[in-house]
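Visitor: Predicted coordinates and the sequence they were generated for:
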Amino acid sequence: ALVSLRQLLDHAAENGYGLPAFNVNNLEQIHAIMQAADECDSPVIMQGSAGARKYAGEAFLRHLIAAAVEAYPHIPVVMHQDHGASPAVCINAIRSGFSSVMMDGSLEADAKTPSSYEYNVNITAQVVDIAHSVGVSVEGELGCLGSLESGMGEAEDGHGAEGVLSHDQLLTDPEQAADFVKKTGVDALAIAIGTSHGAYKFTRKPTGDILAIERIKAIHQRIPNTHLVMHGSSSVPQEWLEVIREYGGEMKETYGVPVEEIQEGIKNGVRKINIDTDIRLAMTGAIRRHLAHNKSEFDPRKFLKEATTAAKDICKARFEAFGCAGQA
Ligand code: G3H
Ligand code: 13P
Ligand code: NA
Ligand code: ZN
């Protein structure tokens, strides 16, 4: 059944687990997520970005997710708009049946200093007003996340958030988070705590201090009833990077957020963990490998099935690691 983000994350908070929110663009990704959730009895958050809408078309995206809800009636599913860049985007998503929207006021806000904070508060509060009147949840964002907003993270120099987001002033400020939540009424808040979007997050193997855990604790203490969201949470599996390289792909050395650190985040109030890149890497590796081994194959179902299985394994591993397996 389609449920709101608030419903699902309230249950996660009561029971001390977190939920991966997987980005979806096509049938195979949705199959992978639902098969994994079905096998380990997990609730599901699927989210569509502006890029997903552009790729699939709004109607296809919406109906594909609706098909998942119909095919797996026993699994709670959140249909979430990822990184809504304006109230109009969010309102359109609400009209077309999404049960949750992200008003990413930081996108515009960062460019509009010094009035950026007020701008973010105002547009987010507007969206909350409308969304809550029809039972839809809202995620806001506060702080400077890498890549999407600022060109950091998946940057040309491949340096990810290193040496940039480690600066305290770019992390979400707990007092400002409290003020933001009080003024907007968001259900969930995306915070900047050391992650960035894309495959190129860190150039060195992480040694256990990627996430600003003390900052997460401080924010959670100030806004215990607002669910914390971590964007840029792919772990960038080294196994898949190796498969991609082995079968002709080119990927520079790069590292993601270790699953153990995400688990530490979950212990301290993180409830929604956004993952896109890991599924992309697994699907690409699986397709490259399959086609290299089956040079006369030309039925797309054959290699897409490999991609689906690879994505499914990633999803299942995250459901199990984040504690949501068995919670559907
Ligand atoms: O937040 C970013 C997600 O990874 C979506 O990426 O804009 O390429 O669809 P996209
Ligand atoms: P990754 O690029 O780390 O998978 O993050 C995805 C994300 O945050 C989508 O909003
Ligand atoms: Na989101
Ligand atoms: Zn994101």
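Guide: Nice, thanks for sending it over. Note that the structure is predicted; figures quoted are calculated from it, not measured. Ligands and ions are numbered 1, 2, ... in the order given.
Visitor: lowest confidence element among the helices and strands of the chain?
Guide: helix 105-109 (a mean of 73; mean pLDDT, DSSP states H and E).
Visitor: hmm, that helix in reach of ligand 3?
Guide: No. Helix 105-109 is not in contact with ligand 3 by Cβ under 5 Å from the ion; minimum separation 11.6 Å. For every residue, glycine as well, the C-beta is placed using N, CA and C.
Visitor: which strands and helices sit next to that helix?
Guide: Applying 3 or more Cβ pairs under 8 Å, 6 or more residues apart in numbering; DSSP states H and E, we find helix 105-109 packed against helix 116-133, strand 137-142.
Visitor: Can you give the contact residues for that helix?
Guide: Contacts to helix 105-109, defined as Cβ atoms under 8 Å, 6 or more residues apart in numbering, come from residues 83, 85-86, 116-117, 119-121, 123-124, 140-145, 148-149.
Visitor: Check the secondary structure at residue 326 for me.
Guide: Here residue 326 is coil, with the state taken from DSSP: H, G, I helix; E, B strand; the rest coil.
Visitor: Skip the chain neighbours and tell me the closest residue to it.
Guide: Excluding its sequence neighbours, the residue lying closest to residue 326 (Cβ to Cβ, 6 or more residues apart in numbering) is residue 41, at 5.1 Å.
Visitor: Quick one: neighbours of that neighbour, just the number.
Guide: 14 (other Cβ atoms under 10 Å).
Visitor: Do I have it right that it meets residue 325?
Guide: Yes. Residue 41 lies in contact with residue 325 (Cβ atoms under 8 Å); the separation is 6.3 Å.
Visitor: can you pull the pLDDT of the residue of the chain most remote from its centre?
Guide: Going by Cα atoms, centre = their mean, the residue of the chain most distant from its centre is residue 296, 36.7 Å out. Residue 296 is assigned 98 on the pLDDT scale.
Visitor: oh, and call the first residue 10 from now on, that's how I've got it
Guide: Okay, using 10 as the starting number, the last item reads as residue 305.
Visitor: just checking, it is part of a strand?
Guide: No. The assignment for residue 305, made by three-state DSSP, is coil rather than a strand.
Visitor: can you tell me if whichever strand in the chain runs longest touches ligand 3.
Guide: In the chain, taking DSSP state E as the definition, the longest strand is strand 86-93. Yes. Using Cβ under 5 Å from the ion, strand 86-93 reaches ligand 3 at residue 91.
Visitor: got it, and stretch 239-259?
Guide: No. Contact of stretch 239-259 with ligand 3 is not found when judged by Cβ under 5 Å from the ion; the minimum separation is 6.8 Å.
Visitor: So for that stretch, what gets flagged as buried?
Guide: 239-246, 249-250, 252-253, 256, 258 (16 or more other Cβ atoms under 10 Å).
Visitor: farthest-separated two in those residues?
Guide: Greatest spacing in the buried residues of stretch 239-259, by Cβ to Cβ: 239 and 256 (31.0 Å).
Visitor: Now do the same contact list for the spatially most central residue of the chain.
Guide: Central residue of the chain (Cα atoms, centre = their mean): residue 283, 1.7 Å from the mean position. With contact taken as Cβ under 8 Å, 6+ apart, residue 283 is in contact with 29-30, 32, 56, 91, 238-242.
Visitor: overlap between these and the residues near ligand 4?
Guide: When contact is defined as Cβ under 5 Å from the ion, the contacts of residue 283 meet ligand 4 at residue 240.
Visitor: Filter the contacts of residue 283 down to the ones in helices?
Guide: Of these, none are assigned to helices by DSSP state H.
Visitor: Also within reach of ligand 1: list those from the contacts of residue 283.
Guide: Contacts with ligand 1 within the contacts of residue 283, counted by Cβ under 6 Å from any ligand atom: 32, 91.
Visitor: From the contacts of residue 283, pick the one nearest residue 274.
Guide: residue 239 (6.1 Å).
Visitor: Enumerate the beta-bridge partners assigned to the closest one.
Guide: Here residue 239 sits in beta bridges with residue 282, going by DSSP bridges.
Visitor: what about residue 35, neighbour count?
Guide: Residue 35: 16 neighbours (other Cβ under 10 Å).
Visitor: What distance do you get for the closest residue to residue 217 other than its chain neighbours to ligand 4?
Guide: Excluding its sequence neighbours, the residue lying closest to residue 217 (Cβ to Cβ, 6+ apart) is residue 270, at 7.0 Å. Distance of residue 270 to ligand 4, given as Cβ to the ion, to the nearest Å: 17 Å.
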